[in-house]
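Asker: What follows is a protein structure lacking sequence information:
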């Protein structure tokens, strides 16, 4: 059961990660992109190491069942926090799609047969 749960978690993370990176990159402060990426990478790495150590300590002293229950509780808490975020303030900061720097591709020329009118 643990292998199935981890497989589903891995697939879900793989699908969500590109979207997260796109959103993160879009909202970086101009001129500070490298610094903000380094802060993100460092905090993610340190957080992963710390939670691995904490999880190992809980599993060692209390047991795996408690570790899984505690992890489940933290995951649900994290999901619940998303519902409490102030969506209106983030919508106020959003740029209209027309203002986004999107490169327009030129369409290839059409064949002469499509240009003539019969």
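Answerer: Thanks, I have it. Only a predicted model underlies this, so the values are computations on that prediction, with no experimental measurement involved.
Asker: The most centrally placed residue in the chain: which element?
Answerer: In the chain, the centroid-proximal residue (CA atoms, centre = their mean) is residue 20; its distance is 2.3 Å. Secondary structure from DSSP states H and E places residue 20 in helix 2-26.
Asker: Next: residue 75.
Answerer: Assigned by DSSP H and E, residue 75 falls in helix 64-84.
Asker: How far off centre is that helix?
Answerer: 18 Å (CA atoms, centre = their mean, to the nearest Å).
Asker: one step back: mind checking pLDDT for the residue nearest to the centre of the chain?
Answerer: The score at residue 20 is 85. That number is its pLDDT.
Asker: measure residue 66 to residue 54 for me?
Answerer: Per CB to CB, to the nearest Å, residue 66 is found 12 Å from residue 54. In this view, the C-beta of every residue, glycine as well, is placed from N, C-alpha and C.
Asker: sorry, that was for residue 77
Answerer: Applying CB to CB, the value for residue 77 to residue 54 is 15 Å.
Asker: the more surrounded of those two?
Answerer: Legend: neighbour count by other CB atoms under 10 Å for residue 77 and residue 54, higher for residue 54 (12 against 9).
Asker: Flag every buried residue along the helix or strand where that one lies.
Answerer: Applying DSSP H and E as the criterion places residue 54 in helix 33-61. For helix 33-61, burial by neighbour count (16 or more other CB atoms under 10 Å) applies to residue 58.
Asker: chain center to it, what's the gap?
Answerer: Computed by CA atoms, centre = their mean, the chain-centroid distance of helix 33-61 equals 16 Å.
Asker: packing partners for that helix?
Answerer: Packing partners of helix 33-61 (3 or more CB pairs under 8 Å, 6 or more residues apart in numbering; DSSP states H and E): helix 64-84.
Asker: can you state the direction angle for the helix it packs on and helix 2-26?
Answerer: Angle between the axes of helix 64-84 and helix 2-26 is 30 degrees (criterion: axes from the mean of the first three to the mean of the last three CA atoms, to 10 degrees).
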